[in-house]
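Asker: Provide a 3D model corresponding to the input given below.
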Amino acid sequence: MGEQLVTSHLTVRMAWHDNNWNGRICSRPEENIYCVGTHSLLSDRLARTRNLELERNHKEVRLDQLKGYLPPCFWSSNAFSDKPIKV
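Answerer: Numbers count the residues shown, from 1 in each chain. Sure, this is the predicted structure:
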């Protein structure tokens with residue numbers, strides 16, 4: 001008998017980010033329904049702890065350049081960036 005191959009599947013759930021998960025605040029944070037609805041992982045926590053006004057005023061700013069605030073999606077915001085950030 002030959003070796004039997006097993007098919008496997010991996011699913012990763014992250015908060016949606018409209019800026020390519022590049023380590024920056026979203027380009028249009030007020031339009032990101034995935035941070036306020038039940039569309040993404042931990043969306044209740046995202047909606048409850050985000051500072052939309054600050055994010056609007058700091059669109060596309062790198063997370064490591066913000067002073068005193070990390071968006072609640074910081075753990076996935078830099079997933080596909082070519083530059084690491086420290087948060």
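
Asker: quick one: find the helix or strand in this structure with the lowest mean pLDDT.
Answerer: The helix or strand of the chain with the poorest confidence is helix 43-49; it has a mean of 81 (mean pLDDT, DSSP states H and E).

Asker: in that helix, what's buried?
Answerer: Of all the residues in helix 43-49, those buried under the rule 16 or more other CB atoms under 10 Å are 43, 46. C-beta: built from backbone N, CA, C; applies to glycine.

Asker: for that helix, list the C-alpha coordinates in PDB.
Answerer: Backbone C-alpha positions of helix 43-49 (Å, rounded to 0.1, in the frame of the first residue of the first chain) are rendered in PDB as follows:
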ATOM      1  CA  SER A  43     -15.400  43.000  16.400                       C
ATOM      2  CA  ASP A  44     -17.200  43.800  19.600                       C
ATOM      3  CA  ARG A  45     -13.900  44.600  21.300                       C
ATOM      4  CA  LEU A  46     -12.800  46.600  18.200                       C
ATOM      5  CA  ALA A  47     -16.000  48.700  18.200                       C
ATOM      6  CA  ARG A  48     -15.900  49.300  22.000                       C
ATOM      7  CA  THR A  49     -12.200  50.400  22.200                       C
END
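
Asker: can you map out the strands along this structure?
Answerer: For the chain, strands defined by DSSP state E do not occur.

Asker: where does it have low pLDDT?
Answerer: The model of the chain has pLDDT under 70 over residues 1, 36-41.

Asker: who does the least confident helix or strand of the chain touch, helix- and strand-wise?
Answerer: Taking 3 or more CB pairs under 8 Å, 6 or more residues apart in numbering; DSSP states H and E as contact, there are no helices or strands that helix 43-49 lies on.
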